[in-house]
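A.B. asks: Okay, structure incoming, though there's no sequence with it:
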């Protein structure tokens, strides 16, 4: 997935028993198909080259059972770990925050939810019959990735849609080509976790 052509579109599948989505680059080419295994006590995510699911290129695995401070490690197709994303514990209950760590256990990037109130209003309106079906059009959270210097690198935002299944990732700053995969995998895992939170 290196040398990604931005913007990247993430589209979640609906009416399936698994939490799957496709990532497509600016040319409309599929760069990844992400499949989350359901009913697992520890998260187990497979990233394929496309939706035929014929070739696994990456795996993401949790280091423990469901937990607010779990770490989700990235493995290549040789089974070698090359980084992880870590949810920042109780701090993430109000406003999502994750750290992307490299293969040397060094903090590289931070993912922050831009506006926690968006999620609050989305949850409140979601409880109202009929109106709850429209939250995907009105409340669209966004998340920004910053490097250790605090400079913005990429931003992902939910697009207005009936089922809230579309997200767009745009580049807003300089991103080291060697970090493309780690950042993308961190955002993929974050999206799966945040969608499950509502």
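C.D. replies: Received, thanks. Here the structure is a predicted model, which is why all the values come from computation and not from measurement. Numbering: from 1, shown residues only.
A.B. asks: Poorly predicted segments of this protein, please.
C.D. replies: Residues of the chain that meet the criterion pLDDT under 70 lie in 1-2, 15-18, 39-41, 65-68, 89-94, 116-139, 161-164, 196-198.
A.B. asks: Show me the strands in it, by range?
C.D. replies: With DSSP state E, the ranges of strands along the chain come out as 8-12, 19-24, 30-36, 44-48, 56-62, 71-76, 81-87, 97-102, 107-113, 142-147, 152-158, 166-171.
A.B. asks: can you list those strands in TSV and add distance to residue 184?
C.D. replies: For every residue, glycine as well, the C-beta is placed using N, CA and C. Below are the strands of the chain laid out as TSV (distance: least, CB to CB, whole Å):
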stretch	distance to residue 184
strand 8-12	8
strand 19-24	8
strand 30-36	8
strand 44-48	9
strand 56-62	9
strand 71-76	10
strand 81-87	11
strand 97-102	10
strand 107-113	11
strand 142-147	10
strand 152-158	9
strand 166-171	8
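A.B. asks: Quick one: these as TSV, columns for mean neighbour count and distance to residue 180 too.
C.D. replies: As requested, the strands of the chain are exported to TSV (neighbours: other CB atoms under 10 Å; distance: least, CB to CB, whole Å):
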stretch	mean neighbour count	distance to residue 180
strand 8-12	19	10
strand 19-24	19	12
strand 30-36	21	10
strand 44-48	19	13
strand 56-62	18	12
strand 71-76	19	12
strand 81-87	20	12
strand 97-102	20	12
strand 107-113	19	12
strand 142-147	20	12
strand 152-158	20	10
strand 166-171	18	10
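A.B. asks: Buried residues of the helix ranked longest in the chain, list them for me.
C.D. replies: If you go by DSSP state H, the chain has its longest helix at helix 180-197. Neighbour-count burial for helix 180-197, counted by 16 or more other CB atoms under 10 Å, picks out 181-195.
A.B. asks: closest to residue 58 among these?
C.D. replies: Closest approach between the buried residues of helix 180-197 and residue 58, by CB to CB: residue 185, at 6.2 Å.
A.B. asks: ok, the residue nearest to residue 166 when sequence neighbours are not counted to residue 178 distance?
C.D. replies: Spatial nearest neighbour of residue 166, excluding adjacent residues (CB to CB, 6 or more residues apart in numbering): residue 159 at 4.1 Å. From residue 159 across to residue 178, the span is 29 Å (CB to CB, to the nearest Å).
A.B. asks: Neighbour count for the two, which is higher?
C.D. replies: Higher neighbour count among residue 159 and residue 178: residue 159, with 15 against 9, using other CB atoms under 10 Å.
A.B. asks: Tell me if I'm right that the more buried one and residue 168 touch.
C.D. replies: Yes. Proximity of residue 159 to residue 168 meets the contact threshold set by CB atoms under 8 Å, at 5.7 Å.
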